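Novice: Using only what follows, build the 3D model:
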Amino acid sequence: MANSNIRRVRTSDLELKDKLVAINRVTKVTKGGRTFTFAAIVVVGDENGVVGYGLGKASEVQAAIAKGVEDAKKNLVKIPVINGTIPHKQEAKFSGSQVMIHPAAPGTGIIAGGAMRAVLESAGVKNVLAKSKGSSNPHNLVKATLGALCELRDAYSVAQIRGISMKQVFNG
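Specialist: Model (predicted):
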């Protein structure tokens, strides 16, 4: 996500909702026996174009989720959502996971599964077609989906970058 299009967001006046994407029990074998810890990946968003993810690790599930939520609040980004969908199709890859997201007509809903669905719902996208290829690892899917969302640009930002009016963006 080292992209110049990333727009960081402050959490001060946002009402964020969190979604648990995955929880993983990790075992460490020591001389005294097995030690269990938990790793939780959490997605938070205001369902209005702001979304972020975080990873929390702790010896108890609730503590891991709380740490994940705190981490996610530190990594919020703003994405363009226009009429409940995304402005254009986008592909992204992170490690072994590849995702493709396409805008959809109103009434389509979120056609995506698992980790991608959680990210898109938290971002406030209502109608989208999404496909994942390669690894189904939730960590990589969340990062690839957020990478694709961060690369999205709306017409206003394109006009601003090019230094032209909105009318010229659409008329060429």
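
Novice: Please determine how far Lys167 is located from Val142.
Specialist: Applying C-beta to C-beta, to the nearest Å, the value for Lys167 to Val142 is 38 Å. Where you see a C-beta, it was placed from the backbone N, CA and C, and this is true even at glycine.

Novice: And for Val125?
Specialist: Counting by C-beta to C-beta - Val125 and Val142 are separated by 15 Å.

Novice: could you measure the residue most central in space within the chain against Asp154, distance?
Specialist: In the chain, the centroid-proximal residue (C-alpha atoms, centre = their mean) is Leu146; its distance is 3.7 Å. Plainly put, Leu146 is 17 Å away from Asp154 if you go by C-beta to C-beta.

Novice: show me what contacts the spatially closest residue to Val69 that is not a sequence neighbour?
Specialist: Distance criterion C-beta to C-beta, 6 or more residues apart in numbering; nearest residue to Val69, sequence neighbours excluded, is Asp18 at 4.9 Å. Contacts of Asp18 were listed using C-beta atoms under 8 Å, 6 or more residues apart in numbering, and they are Val42, Val43, Val44, Ile65, Gly68, Val69, Ala72.

Novice: how many neighbours does the third one have?
Specialist: Meaning Val44. The local packing of Val44 (other C-beta atoms under 10 Å) involves 24 other residues.

Novice: Go ahead and confirm it touches Val51.
Specialist: Yes - if you go by C-beta atoms under 8 Å, Val44 and Val51 touch, sitting 7.2 Å apart.

Novice: rewinding a little: any idea which of the contacts of Asp18 is the one closest to Ile101?
Specialist: Distance to Ile101, by C-beta to C-beta, is smallest for Val43 among the contacts of Asp18, at 15.2 Å.

Novice: which ones are touching the closest one?
Specialist: Residues in contact with Val43 (C-beta under 8 Å, 6+ apart) are Asp18, Lys19, Val21, Val51, Gly52, Tyr53, Ala72, Ala118, Val119, Ser122, Val142.
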